[in-house]
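[1] After the sequence you'll find the predicted model.
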Amino acid sequence: MAQFMTLSEAVAQNLNSGDTAAFEGFTHLIPHASAHEALRQGIKDLTLVRMTPDVVYDQLIGMGAVKKLIFSYAGNPGVGLLRRLRDSVENGWPHAIEIEEHSHAAMANAYEAGAAGLPFAAFRGYKGAELAKVNPNIRSVTCPFTGEELAAAPAIRPDVTFIHAQKADRKGNVLIEGIVGVQKEAVLAAKRSVVTVEEIVDDLHAHPNACVLPGWAVTAICLVPGGAHPSYAHGYYSRDNASYIAWDKIAADRDTFLAWMKDNVLDARPEDFADRIKHLRSAA
Amino acid sequence: MAQFMTLSEAVAQNLNSGDTAAFEGFTHLIPHASAHEALRQGIKDLTLVRMTPDVVYDQLIGMGAVKKLIFSYAGNPGVGLLRRLRDSVENGWPHAIEIEEHSHAAMANAYEAGAAGLPFAAFRGYKGAELAKVNPNIRSVTCPFTGEELAAAPAIRPDVTFIHAQKADRKGNVLIEGIVGVQKEAVLAAKRSVVTVEEIVDDLHAHPNACVLPGWAVTAICLVPGGAHPSYAHGYYSRDNASYIAWDKIAADRDTFLAWMKDNVLDARPEDFADRIKHLRSAA
Amino acid sequence: MSDTDFTSNEMMTIAASRALKNTDVCFVGIGAPSAACNIARLTHAPDVTLIYESGTIGTAPQVLPLSIGDGELCDTAVTTVSVPEMFRYWLQGGRVTVGFLGAAQIDRFGNINTTVIGDYDQPKTRLPGGGGAPEIASSCGEIFITLKQSKRAMVDKIDFYTSFGHGEGGDHRQRLGIATKGPTLMVTDLAVWKPDPVTREFTVVSMHPGVTREMVQAECGWTVRFADKLEETPAPTGIELSTLRDLNARTKAAHSGGKTGEAA
Amino acid sequence: MSDTDFTSNEMMTIAASRALKNTDVCFVGIGAPSAACNIARLTHAPDVTLIYESGTIGTAPQVLPLSIGDGELCDTAVTTVSVPEMFRYWLQGGRVTVGFLGAAQIDRFGNINTTVIGDYDQPKTRLPGGGGAPEIASSCGEIFITLKQSKRAMVDKIDFYTSFGHGEGGDHRQRLGIATKGPTLMVTDLAVWKPDPVTREFTVVSMHPGVTREMVQAECGWTVRFADKLEETPAPTGIELSTLRDLNARTKAAHSGGKTGEAA
């Protein structure tokens, strides 16, 4: 049953050094505030899972909090490469991270299998692709009816998943709208889950088939308006494209990066996110 | 790309004797009008697929249109058994039908696999259950990571799926709301699909994550208000529970059944459904 | 209304309802389980989560559904998901604490038959089949069963293993690799039964007010075991009874609405 | 605006856009493919269905998305599904007629690398990885590729097979059991290429106005094959050019909105 608490409490209670953690979001609703709180609490040795690690994973990697990355596309969307990730992989700064790389189809299926309580996912994939040669977690399974050989990926089962959502009601039921990504699956696949939300309301006023996580399927809920910045929250504020573009320059230099992280993350608080999205609020 | 046409045209163009056909609906939105039209057109030798064959499959079986039934629960919901199905299985009247029986979990997974273009579905099921002994289409597959043995069912790929939905827009995009069952999967798993709808509108006004079938994924759309009667259409009319209760008596006797079918199906038209739900229309 | 003024069916539903906790997530079978689960919700367990296989999660119907997919279930649910999602994420995902089943035929180990009476290929009676039961029986944390006793229903040997209870008893579930508890409770119109800790045979632990051992045995097809410490089921309270009767009255009024169908 | 007054990038986008038909269902890669697909939609193919891997189906953005999941894509879509559903029902389900990809590195057989430059374990440059491309390449009916030519991008041998084109050429796809056509078109800033019917090597079938064979070869790392009947790509029409420039202007205005972030 979801407990309402501060983000600081939720991270302290649900994320430990050494955990496998997913901070999921597919361009939309990326849980930046949660990841920043994890950095402030000095969490280390994380195995991070995400289909599309972007700026916020670049930050976690650059700050040395990450031991291993399981992913399918690591880029600053529409801008370019992730410079902190590159520095780690190419130069071992601040340390080398281990890489487990899949395709989107494999990751999406693996989250789905995790949510479904299955040990693996079968899909038609990786045909002729070379990832299967460098990732021992890409195997195959044979259809017992047709004999077709399909690709197999192990289910993703994070210790904890962090997501950001539009709103929760007072019973802890969570509504996710718009580009819903793999967030529902990532929460259901995890042992524990922390959801930051834009607002807490009396009634979700949700469509009957909307993407809703019942409160009893969530561990902790934290009110953090703006907590997805610089990504966006459909119906609340738009994507801060300028920040994504700016990140490319910030991340290009180690010292610039460290100084920026001190000012904007280590010395900041979850409450600061509300200010960052004021100029991006939707007319609606 | 969805074509708008009469139900008579849609059945004539998309359903052939000998086809594997699904008339899907999980209590809600059961496509009665389509099945009645199939009977009027004298379609025979059908392999019928449905998780919950109920009154309308009892009618198809009793009229001798069915060769084989693939299903997981055959009953008149809340009322009792299906007397025409029983008469066929127990007494061979009007002829014996072949039975391929699964669990709900297997059927739901098998539709899902069909929609996903996979040849089979893996799930944790049938443990200790005896169906696996009488159905050769229940097999197993071994997880290539954990060694766990899981149940496997072949994907369901109907020649044609019929469903009933609330509305379509003029481009043929279809909205299904409320208890959505396996209808989306049943349509996507099929080679062809026919959707009867309560109304055709300029704009679906659908929630972004509502259950919508794009027009290009549907074969034919037919305007048949009331076409789900005596099941219901959420937001349009309620379930005619009295008709379900009455069916038990009608189906109990072969002659009563045949007379009822002549009056209410063979001598009726799709347009008659609109009258049948007048007294069940929601206040909304 | 006197505390002793109740039917055995009412006693069964109310005794069954008491087994559900406020924190349970319950997969509800149609019929007797549905009434028991909703009485729990309307009395001591207002926050119990009720799930029907039609995809409705956290539903709170004002009247009992005739089918597992009545509109009322969706209207009052926290959310309604597709049936594949229901069976994959919610049932198989291991999130359901209690599966509440009825039974056409049951044996002393809680194995259930709702498939056929007689031979599978040449059945005497073709029953509806398993529906969700085979995987409800293995995926839910534990299974509660409720049914009206009769020698036809409670048999020495069931004709078909639709869903697995404790098999031949003992550690049969574990030997098949099933990690969940299986049947832990059976409530009939006469008694409350629990499996023996070792043999897993259903044992009467409590008889409803006015019921004797002979009455229980008379409506059971196997030789009934009674617990050493046999209790009396507490009679329905006034609130339990009025809640159940109000629900049944609302349900009857709702389902007789609509004229008898000219076209089913 | 004169018909000859266009850049090679504009020519590339417009030539690529012409390949999409009104009836196509197109899985859109980010960057150059996104512009080409939306120009098709805004000119000759108003009913083309554009799908982005973020789950948006039938989207019609007014500005080009910076990411594959901008809000604009959802706001204008027929429907938005979860990412697992996108990859299972829509891509793997075989419903997508065209996959439109870009490429960091490509060889003459349309094999694409977006994973690493150099060795996989000790890369010179760590690229973003495959994302959806490995399965887009095998599940879509056919693959269109668009990229700006350079010797760094068009190489004799790619460093990593992120997604499979025609492999070593010939019937390599069929030998791997891949039933779809694979790359059937490549549009660069200089030319239009199609695979040879037998060898499957990309062959220049049309050069853009003003482009010479030497210019094409100068920006390609392998020895270029030219078709016997070499055509000239029709120059952009006024409508094509103004549509593209209007889209780019709207896009630029939209993406520079919001102050430069204090916190990315």
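    Great, that's in hand. Numbers count the residues shown, from 1 in each chain, chains lettered A, B, ... in the order given.

[2] can we go C-alpha only for contacts and neighbour counts from here?
    OK.

[3] From chain C, how far out is residue A:280?
    30 Å (C-alpha to the nearest C-alpha, to the nearest Å).

[4] Mind jotting down where the helices sit in the chain?
    You didn't pick a chain, so chain A it is. Remark: helices assigned in chain A by DSSP state H are A:7-14, A:32-40, A:55-62, A:83-91, A:104-115, A:131-134, A:183-189, A:241-250, A:254-261, A:272-276.

[5] ah, I was thinking of chain C
    C:8-17, C:32-42, C:71-75, C:83-85, C:133-139, C:172-175, C:213-218, C:238-255.

[6] quick one: low-confidence ranges for chain C?
    C:1-4, C:257-264 (pLDDT under 70).

[7] Quick check: chain neighbours aside, which residue is closest to the residue of it found nearest chain D?
    Among the residues of chain C, residue C:85 lies nearest to chain D; the distance is 11.1 Å by C-alpha to the nearest C-alpha. With C-alpha to C-alpha, 6 or more residues apart in numbering or on different chains as the criterion, residue C:85 has its nearest non-adjacent residue at 7.8 Å, and that residue is residue C:55.

[8] hang on, that neighbour packs against residue B:108?
    No - assessed by C-alpha atoms under 8 Å, residue C:55 is found out of contact with residue B:108, at 11.6 Å.

[9] Need the overlap of contacts for the two.
    Common contact partners of residue C:55 and residue B:108 (C-alpha atoms under 8 Å, 6 or more residues apart in numbering or on different chains): residue C:83.

[10] contacting residues around residue C:40?
    Residue C:40 neighbours (C-alpha under 8 Å, 6+ apart): C:17, C:18, C:20, C:21, C:46, C:48.

[11] So what's the residue count around residue A:164?
    34 (other C-alpha atoms under 10 Å in any protein chain shown).

[12] Quick check: closest non-adjacent residue to residue A:200.
    In this structure, residue A:200 finds its nearest non-sequential neighbour in residue A:168, 4.9 Å apart by C-alpha to C-alpha, 6+ apart.

[13] Also residue A:207?
    Nearest residue to residue A:207 in three dimensions, chain neighbours excluded: residue B:207, at 6.8 Å (C-alpha to C-alpha, 6+ apart).

[14] What pLDDT is listed against the one you found?
    pLDDT recorded at residue B:207 is 95.

[15] Any idea how many residues pack against it?
    Residue B:207, neighbours per other C-alpha under 10 Å, totals 19.

[16] With residue C:229 instead?
    The number of residues packed near residue C:229 is 8, by other C-alpha under 10 Å.

[17] Is it in contact with residue C:205, as I believe?
    Yes - using C-alpha under 8 Å, residue C:229 is in contact with residue C:205, at 7.2 Å.

[18] so what's residue C:125 bridging to?
    residue C:117 (DSSP bridges).

[19] Please report how far it lies from residue C:113.
    Using C-alpha to C-alpha, to the nearest Å, residue C:125 is found at 12 Å from residue C:113.

[20] which residues touch the residue lying closest to residue A:212 once chain neighbours are set aside?
    Excluding its sequence neighbours, the residue lying closest to residue A:212 (C-alpha to C-alpha, 6+ apart) is residue A:175, at 4.6 Å. Residues near residue A:175 by C-alpha under 8 Å, 6+ apart: A:165, A:166, A:167, A:168, A:204, A:206, A:210, A:211, A:212, A:213.

[21] residues contacting the nearest residue to residue A:223 once chain neighbours are set aside?
    Once flanking residues are discounted, residue A:223 sits nearest to residue A:197: 5.1 Å by C-alpha to C-alpha, 6+ apart. Counting by C-alpha under 8 Å, 6+ apart, residue A:197 makes contact with A:164, A:165, A:166, A:167, A:168, A:221, A:222, A:223, A:224, A:225, A:227.

[22] beta partners of residue A:197?
    residue A:165, residue A:223.

[23] Tell me the confidence at the residue of chain A found nearest chain D?
    Nearest residue of chain A to chain D (C-alpha to the nearest C-alpha) works out as residue A:243 at 4.0 Å. pLDDT recorded at residue A:243 is 95.

[24] So what's the residue count around it?
    The burial count for residue A:243: 21, using other C-alpha under 10 Å.

[25] can you check residue A:92 too?
    Residues near residue A:92, counting by other C-alpha under 10 Å: 12.

[26] Likewise for the one 4 residues further on?
    If you count neighbours by other C-alpha under 10 Å, residue A:96 ends up with 19.

[27] and the longest strand anywhere in chain C, which strands flank it?
    The single longest strand within chain C, with elements called by DSSP state E, is strand C:225-232. When sheet partners are counted by DSSP bridges, strand C:225-232 sits next to strand C:202-207 (parallel).

[28] Quick one: closest of the helices of chain A to residue B:11.
    helix A:104-115 (36.0 Å; C-alpha to C-alpha).

[29] isn't residue A:11 right up against residue A:34?
    Yes - Residue A:11 lies in contact with residue A:34 (C-alpha under 8 Å); the separation is 7.4 Å.

[30] Among the two, which residue is more densely surrounded?
    For the pair residue A:11 and residue A:34, the greater number of neighbours falls to residue A:34 (27 against 22), based on other C-alpha under 10 Å.

[31] Would you quantify the distance from the more buried one to chain C?
    25 Å.

[32] Neighbours of residue 88, how many?
    If you meant another chain, say so; for now it's chain A. Using other C-alpha under 10 Å, residue A:88 is surrounded by 20 other residues.

[33] Switch to chain C, please.
    The burial count for residue C:88: 24, using other C-alpha under 10 Å.

[34] which residues touch it?
    With C-alpha under 8 Å, 6+ apart, residue C:88 has these contacts: A:115, A:116, A:117, B:105, B:109, B:123.

[35] can you tell me which of these are up against chain C?
    By C-alpha under 8 Å from any C-alpha of the partner chain, the members of the contacts of residue C:88 lying near chain C are A:115, A:116, A:117, B:105, B:109, B:123.

[36] what does the stretch 151-284 of chain A have sitting close to chain B?
    A:152, A:154, A:177, A:178, A:207, A:208, A:209, A:210, A:211.

[37] Any idea what the first one is bridged to?
    Looking back up the chat, that one is residue A:152. Bridge pairing for residue A:152 - DSSP bridges - gives residue A:122, residue A:139.

[38] So it is in contact with residue A:136, correct?
    No - using C-alpha under 8 Å, residue A:152 is not in contact with residue A:136; the gap is 10.8 Å.

[39] hey, C-alpha coordinates of stretch A:255-269 in PDB?
    Provided in PDB are the C-alpha atoms of stretch A:255-269 (Å, rounded to 0.1, in the frame of the first residue of the first chain):
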ATOM      1  CA  ASP A 255      35.100  20.500 -14.300                       C
ATOM      2  CA  THR A 256      32.200  22.300 -15.800                       C
ATOM      3  CA  PHE A 257      30.100  19.200 -15.200                       C
ATOM      4  CA  LEU A 258      31.200  18.900 -11.600                       C
ATOM      5  CA  ALA A 259      30.500  22.600 -10.900                       C
ATOM      6  CA  TRP A 260      27.100  22.400 -12.500                       C
ATOM      7  CA  MET A 261      26.200  19.200 -10.500                       C
ATOM      8  CA  LYS A 262      27.300  20.900  -7.200                       C
ATOM      9  CA  ASP A 263      25.100  24.000  -7.900                       C
ATOM     10  CA  ASN A 264      22.100  22.400  -9.400                       C
ATOM     11  CA  VAL A 265      22.000  19.000  -7.700                       C
ATOM     12  CA  LEU A 266      24.100  18.500  -4.600                       C
ATOM     13  CA  ASP A 267      23.300  22.000  -3.200                       C
ATOM     14  CA  ALA A 268      19.700  21.900  -4.400                       C
ATOM     15  CA  ARG A 269      16.500  20.400  -3.100                       C
END
